[in-house]
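In: The sequence isn't on hand, but the structure is:
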């Protein structure tokens, strides 16, 4: 293991007993020829992520040394499983269907998406290879290790424009394919009904419900922000519910002409891995990760989510151009895969974006303070479980400075009107 143990999530420092030789033999038998004789020589297990990378899973890296028909081999794999230690994480996630959903994505949905792309002459890879998955006796997914292929999670800096555009291009292709399938075979996505705001275990968590309360308190005590207090006091009782309605719109009250797709649901920089050229450090590819909270909903929700979970302050100013870039890829992909219907126009997508503006305000008042803190190596467990700690995050000078800049813009754009 490299790095200090404080760099890793506590539940990834202790290997579960069931991750043993017998388990890894199952994994390898699923990868190699069924008639091969496989013998495991050694297994080394370590954490596969850093604090702040994620919260909804426990992730390990295993370096496997083994023999196949007497030939020595090595393979590095990533294991994603559910939390087993009693505590907040296990309690919050225990009754969700996030693993069932992600296994479905890797074994059914994404392979179909890739076949549609291949049939149109597009070799884009949408997923890391899944080597093994199971729901019993333990929920686990085993992937090829992208680090071994030269990919990395970008840490200690924000993403640059080229990296962001690559992520939007990947998302646009995914959205376009799912848009076509959902119109032609709406039952295909029946298992993807609930986004994060429709999962009561998560939506009712204090970190979701207390953001607007802490934000209004901040406005009240900050003279430079007093003017915005009436707007957000009015919004306070209904902000979270409006986000729930947004995520459930396709199932509960679909709008004519809206663009509904299979949304990623958690489209942020730590759910991506990038491959760069060693010599120039130029980005050459991106892989999206973590499909646990995918759902069918407005395509703009992933885009709105990206404003505060993917872009830095400078790229947020360029969002209209980034949206246009996404739209061109979306429209071209629909044409390439043989969509015969009428494609949504850019203006329709912009109108839809404005109709779901409360999601952007929710992210501003609830998620953005957390992102500022995570950039300073804050403890995610504290963020999720401590009301006092979350309140303290609203004292960030950088956050207040950003609010002084962005709230006038929201006022001028009409975001603060009914």
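Out: Sure, I can see it. Predicted, not measured: the structure shown is a model, and the values here were computed from it.
In: Domain ranges for the chain, per the record?
Out: According to automatic domain parsing, the chain comprises the domains 5-91, 154-413.
In: Give me the below-cutoff pLDDT ranges for this protein.
Out: Low-confidence segments of the chain (pLDDT under 70): 1-13, 34-35, 50-56, 85-90, 94, 279-280, 376-378.
In: one more time with 80
Out: Low-confidence segments of the chain, defined by pLDDT under 80, span residues 1-14, 32-36, 49-57, 83-96, 278-281, 374-383, 418.
In: Tell me the spacing between the residue nearest the centre of it and residue 305.
Out: With distances taken as CA atoms, centre = their mean, residue 266 lies nearest the centre of the chain, 2.6 Å away. Relative to residue 305, residue 266 is positioned 8 Å away (CB to CB, to the nearest Å). C-beta here means a position set from N, CA and C on the backbone, and glycine is covered the same way.
In: How about residue 80?
Out: Here the distance between residue 80 and residue 305 works out to 21 Å (CB to CB).
In: State the number of residues packed around residue 182.
Out: Here the number of neighbours of residue 182 (other CB atoms under 10 Å) works out to 19.
In: you'd agree it is in a helix?
Out: Yes - counting by DSSP: H, G, I helix; E, B strand; the rest coil, residue 182 is found in a helix.
In: Can we start the residue count at 3 from this point?
Out: Happy to do that; since the first residue is 3 now, the last one works out to residue 184.
In: Touching, it and residue 263? I think so.
Out: Yes - counting by CB atoms under 8 Å, residue 184 does reach residue 263; the two are 6.8 Å apart.
In: where do the contact lists of the two overlap?
Out: Overlap of the contact sets of residue 184 and residue 263 (by CB atoms under 8 Å, 6 or more residues apart in numbering) consists of residue 298.
In: ok so, going back, pipe the domains of the chain into a markdown table and attach distance to residue 141 per row.
Out: As requested, these are exported to a markdown table (distance: least, CB to CB, whole Å):
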| stretch | distance to residue 141 |
| --- | --- |
| domain 7-93 | 5 |
| domain 156-415 | 11 |
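In: Out of those, which one sits most buried?
Out: Looking across those with neighbours counted as mean count of other CB atoms under 10 Å, the highest average goes to domain 156-415: a mean of 17.
In: And it, how far out from the chain middle?
Out: Taking the mean C-alpha point of domain 156-415 and that of its whole chain, the gap between them comes to 9 Å (CA atoms, centre = their mean, to the nearest Å).
In: Compute the first-to-last residue distance for it.
Out: For domain 156-415, the first-to-last residue distance is 33 Å (CA to CA, to the nearest Å).
In: Check for me that residue 233 belongs to a strand.
Out: No - in this structure, residue 233 is helix, not part of a strand, as judged by three-state DSSP.
In: and the nearest residue to it once chain neighbours are set aside, backbone torsions?
Out: Counting by CB to CB, 6 or more residues apart in numbering, residue 418 is the residue found nearest to residue 233 once chain neighbours are left out, at 4.2 Å. Note on residue 418: its backbone torsions stand at phi -90, psi 10 [degrees, to the nearest 10].
In: all strands in the stretch 103-252 of the chain, in order from the N-terminus.
Out: Applying DSSP state E, counting those that start in this stretch to the stretch 103-252 of the chain gives strands spanning 132-136, 142-146, 153-154.
In: any idea which of those is most buried?
Out: Scoring these by mean neighbour count under mean count of other CB under 10 Å gives strand 142-146 as the most buried, with a mean of 21.
In: Could you give the separation of it from the chain centroid?
Out: On CA atoms, centre = their mean, the centre of strand 142-146 falls 17 Å from the chain's centre.
In: same for that strand, what does it pack against?
Out: Using 3 or more CB pairs under 8 Å, 6 or more residues apart in numbering; DSSP states H and E, the elements in contact with strand 142-146 are strand 73-83, helix 100-106, strand 132-136.
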